[in-house]
Each structure stands twice: as structure tokens, then as C-alpha cells.
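In: need coordinates for the below:
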Amino acid sequence: MNALSQLPEDFLHALGTLRKAQCRPELKLGEIPAPTRLAPYAVAMGAEVFSHAPARRQLPVHGPAALAFAADNPASRDDDEDNELATGRFILLHDPDGSAVWDGEFRIVTYIRAQLEAEMGNDAMLGPVAWTWLVEALENHGAKYRAAGGTATRILSESFGTLAGRPDTIDIELRASWTPATSDAQAHLEAWSDMVCTFAGLPPLPPGVTPLPSRRLT
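Out: Numbering: from 1, shown residues only. I've put the predicted structure just below:
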């Protein structure tokens, strides 16, 4: 029996809407192994933005979604991708029985990380601004949601000994989750992908999104 036919109809619909998502070409997007303990059904996407990223998308080719996603143009990483600006994960969970914690049958869990100049770590508004990027991106794409929550974390990296010459850096991490209003996840993936590019400092920014502070590119 076709494994695709064994998936719930609502989850199949959600996979189809993810396939329709139009993401920026600077974003290298592809399916990654999904967590198996968070929900009966899940699909996970990984994304990276490089300073010399190729202008093309990588479509999902791994896991249960591979049967629902087209993979006409599989792409491998280019040799000149030497400077990662931001990285992230997008996970869509589905429990047909629903979850009181989620307040629904679907839940989106995301993670984004990017490196900033060390002095940005002293900005008390960095965390609130990162959360604002999430809220505004969802609003700009018309992605209806509820029960959103998350954390913004600043990580200071200092080097010592033989590495003492390296400059200090600050990484900003945003971990967030929310419940989509319907099984249509297209706008949610598009909003999240724009957020990854915003964390990477790529112009142009969607209307209403707060600009990213000056950041390290080398």
C-alpha cells in the first residue's frame, strides 16, 4: 500500500500547502529528519543563508513528505558557500486527536540562529526585537495563528589561548512555536523563511519589519 495513503487527510493537505510556499532564492531550504516523539506525524525543514548562496531552492527529498513534494531540481551545496549568515529549522507537527497544550491539531515549532557584532549583545532590546520580527512576519503574510510562545537567547563567544586573536561574537537564537488556525501552512513557512533572511540581514525587508543592526559578515 502506498505510504502516502496512510497519512491523515489534514496532514496531507498541510504538506501540499508547504509545497506551494514561495521562499526567497537566497534561502537554501530542504527537508530534514523530523522528530518522532513530539507528535504522531511531523515534517521538518532546514534552512541556511550564506553570503554566496546560489539563487535557487532545494525542495524536500527526505521522509514522508518526499512523496508529496516535487524534487525536480535537487541541488547540492556550492563550493563557494563559505560564510553562513543564518540557519534555522521549521517543524510542522500534527496530532489528529488534538492537544490541549497546542489548542489544536497542528503545531509549528521553529528555531533561528544568526551571529551579530559582539556589542549588539549589550542591547536590551535585542530579544524583544527578535520576537517582533516573528509577530510582524506572520502578520505580513496573513498567517493566522494562536497560542504563540518563545524565547530569545543571546550567546557570547569569547576566545582564549591560541585563539585569543579572534573577535568576540554574539549569537542570537529565537525558539518559538505557535498553532496555525488551519491546516494551510503555506503562509507560515513563507513568513518563517523571511524571518531567517531578516536574521541574516538581507534586504529588502518586508514592510513593517524592524531592520537588523549592523552585523559581522566575515
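In: what's the single longest strand in the protein?
Out: For the chain, the strand with the greatest residue count under DSSP state E is strand 84-99.
In: adjacent strands (with direction) for it?
Out: When pairing is defined by DSSP bridges, strand 84-99 lines up against strand 41-50 (antiparallel), strand 104-117 (antiparallel).
In: export these to a markdown table and tack on distance to L174, mean neighbour count and mean pLDDT?
Out: All C-beta atoms are positioned from the backbone trio N, CA, C, and that covers glycine. Formatted as a markdown table, the strands paired with strand 84-99 follow (distance: least, CB to CB, whole Å; neighbours: other CB atoms under 10 Å; pLDDT from 0 to 100):
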| stretch | distance to L174 | mean neighbour count | mean pLDDT |
| --- | --- | --- | --- |
| strand 41-50 | 13 | 22 | 93 |
| strand 104-117 | 5 | 21 | 90 |
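In: can I get those strands in a markdown table with distance to E158?
Out: What follows is those, written out as a markdown table (distance: least, CB to CB, whole Å):
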| stretch | distance to E158 |
| --- | --- |
| strand 41-50 | 25 |
| strand 104-117 | 14 |
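In: isn't S183 right next to D10, touching?
Out: Yes: taking CB atoms under 8 Å as the definition, S183 is a contact partner of D10 at 4.7 Å.
In: who's more crowded, these two?
Out: Set S183 next to D10 and count neighbours by other CB atoms under 10 Å: S183 wins out with 20 against 15.
In: quick check: the more buried one is in a strand.
Out: No: assessed with DSSP: H, G, I helix; E, B strand; the rest coil, S183 is coil; it does not lie in a strand.
In: now it: phi and psi?
Out: As for S183, its main-chain torsions (degrees, to the nearest 10) stand at phi -80, psi 0.
In: what's the spacing between it and L189?
Out: The spacing between S183 and L189, counted by CB to CB, to the nearest Å, is 13 Å.
In: what of P8?
Out: Taken as CB to CB, the span from P8 to L189 is 19 Å.
In: more neighbours: these two, which one.
Out: L189 (25 against 15).
In: and the helix or strand where the more buried one lies, what's buried?
Out: Using DSSP states H and E, L189 falls within helix 186-199. In terms of neighbour count (16 or more other CB atoms under 10 Å), helix 186-199 has its buried residues at 186-199.
In: how about stretch 17-26?
Out: Counting neighbours by 16+ other CB under 10 Å, stretch 17-26 gives 17-18, 21, 23-24, 26 as buried.
In: ok, the residues you listed vs L93, which is closest?
Out: L18 (12.9 Å; CB to CB).
In: quick check, the closest one in contact with S183.
Out: No: under the criterion of CB under 8 Å, L18 makes no contact with S183, lying 10.5 Å away.
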